[in-house]
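Student: Below is the sequence, then the predicted model.
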Amino acid sequence: MVHAQFDPTARRELAIAAVEAKTVKDLSWREIAEAAGLSVAFTTAAVLGQHALPEPAARAVAELLGLDEDAVRLLRTIPTRGSLDGIPTDPTVYRFHEMLQVYGTTLKALVHEEFGDGIISAINFTLDVRKVADPEGGERAVITLDGKYLPTKPF
């Protein structure tokens, strides 16, 4: 049976335990995702409390991390999503916040000009993060957000 979470506390505590187990076992997010049979982005978000995992994936992740049956149940529970309370203080998360503060209205204007009135789904969605060489030296992060466009329907 599908269950939904009301209070995010248990999922936060599970995320803390899962990250601790990941660290102790010296696992990468990619290795955890391979065990789950799902994408790295989705699996990472699920383990961090932002998505529910299908039962086989939840069992595989819990087994890999050495977590108990309660963890399997929580990993399968639809979470209360959203992990930010106020302006983030972590520098990496803050920069994403800053990017949306600076470019959010630009993205909105360009999406609406191209597609019309509507939204980009975060449900019918994929996310990819890649590291590429910077022609000027160093490395660049290429982040692809790929969401289905959903038009507003007048009623």
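Tutor: Arrived safely, thanks for sending.

Student: Confirm that residue 144 sits in a strand.
Tutor: Yes: under DSSP: H, G, I helix; E, B strand; the rest coil, residue 144 falls within a strand.

Student: Isn't it up against residue 41?
Tutor: No: between residue 144 and residue 41 there is no contact, the gap being 9.7 Å when judged by C-beta atoms under 8 Å. In short, each C-beta sits where N, CA and C put it, glycine included.

Student: neighbour-wise, which of these two wins?
Tutor: When residue 144 and residue 41 are compared for neighbours, residue 41 comes out ahead with 19 against 10, by other C-beta atoms under 10 Å.

Student: name the element the residue most central in space within the chain belongs to?
Tutor: Closest to where the C-alpha atoms of the chain average out (C-alpha atoms, centre = their mean) is residue 45, at 3.2 Å. Counting by DSSP states H and E, the element that carries residue 45 is helix 40-47.

Student: Now the element after that helix, going C-ward?
Tutor: Assigned by DSSP H and E, the successor of helix 40-47 is helix 55-65.

Student: That next one relative to helix 40-47, how many degrees between them?
Tutor: 80 degrees (axes from the mean of the first three to the mean of the last three C-alpha atoms, to 10 degrees).
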